[in-house]
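**Q** Show me the folded form of this:
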Amino acid sequence: MGKASQQKKSSRARKLGTRDLEALRRGAVQSGIPDAIVLDRNDLPPEQKISWPLAQLLQDEVSDHPTLEEYQSALTAIVAAWNTSLLPESERAEALRDQIGFDKSVPPEIRREVTQRIERLIEEKVARFPHDRRRIVSWEARLEGDVLRVVAAASDGPRHDTLEDVMRGLLRTMSA
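**A** Next comes the predicted model:
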């Protein structure tokens, strides 16, 4: 498919998205919520997408020539730190200890290493993105040709019901 065809396809997809947004707005008005705001995240500048700060943190976290697995493991640690950073500061250490301590098959030294890494990443997130309170609900690092792409989704409010899953994935990648 040539470049012109790709542009046409992209244009058609954007128009379909616009129609969907209009339908959502009409539904909101019919439901009695006339001032509902529906955001199309695809139209946001890169700096406003959750993948942008994740990619910034990831860039500093990996070695010089990382494998895809190293990228994925580092991104999982970053997400764990990000979501933990949304908790009140007084609750972070206990939540982290609870999440890392649940899998007794992971050696204590690995659990200690993971805890230290997450604590360092929490400090980094808070220092660099202190006002970003979005909770990351999905994430992926993937290679597209020679380019690493970070794809992520977030909710606008902090919730922590996925932290155990994040920590379980992180421990699994570090103990493998």
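
**Q** Which helix or strand contains Ala55?
**A** Using DSSP states H and E, Ala55 sits within helix 51-61.

**Q** Counting by contacts, list what that helix packs against.
**A** helix 68-85, helix 108-128, strand 135-144, strand 147-155 (3 or more C-beta pairs under 8 Å, 6 or more residues apart in numbering; DSSP states H and E). In this view, the C-beta of every residue, glycine as well, is placed from N, C-alpha and C.

**Q** any chance of the ones you listed in CSV, plus mean neighbour count and distance to Leu57?
**A** Converted to CSV, those look like this (neighbours: other C-beta atoms under 10 Å; distance: least, C-beta to C-beta, whole Å):
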stretch, mean neighbour count, distance to Leu57
helix 68-85, 22, 5
helix 108-128, 15, 6
strand 135-144, 16, 11
strand 147-155, 16, 10
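
**Q** ok so, going back, how big is the angle separating the helix holding Ala55 from helix 108-128?
**A** 130 degrees (axes from the mean of the first three to the mean of the last three C-alpha atoms, to 10 degrees).

**Q** right, and the helices and strands packed on helix 51-61 - which one's nearest Gln56?
**A** helix 108-128 (7.2 Å; C-beta to C-beta).

**Q** Can you pull out the low-pLDDT segments for the chain?
**A** Applying pLDDT under 70 to the chain flags residues 1-46, 102, 157-176.

**Q** what do you get if the cut-off is 50, keeping everything else the same?
**A** Counting by pLDDT under 50, the chain has low-confidence residues at 1, 3-16, 38-40, 158-161.

**Q** tell me the domain boundaries of it?
**A** 1-42, 44-175 (automatic domain parsing).

**Q** circling back: what's the closest of the helices and strands packed on helix 51-61 to Ile100?
**A** Here helix 108-128 is closest among the helices and strands packed on helix 51-61 (C-beta to C-beta), at 5.0 Å.

**Q** Run through the neighbouring helices and strands of the closest one.
**A** Packing partners of helix 108-128 (3+ C-beta pairs under 8 Å, 6+ apart): helix 51-61, helix 68-85, helix 89-101, helix 163-175.

**Q** mind checking which of the ones you listed is nearest Ala153?
**A** helix 51-61 (8.8 Å).

**Q** nearest residue to Arg97 other than its sequence neighbours?
**A** Thr115 (7.3 Å; C-beta to C-beta, 6 or more residues apart in numbering).

**Q** I figured the one you found was touching Asp98, is that so?
**A** No. With contact defined as C-beta atoms under 8 Å, Thr115 does not count as touching Asp98 (11.2 Å).

**Q** sorry, back to before: can you redo the helices and strands packed on helix 51-61 as CSV with distance to Lys49?
**A** Shown next, in CSV, are these (distance: least, C-beta to C-beta, whole Å):
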stretch, distance to Lys49
helix 68-85, 14
helix 108-128, 16
strand 135-144, 12
strand 147-155, 8
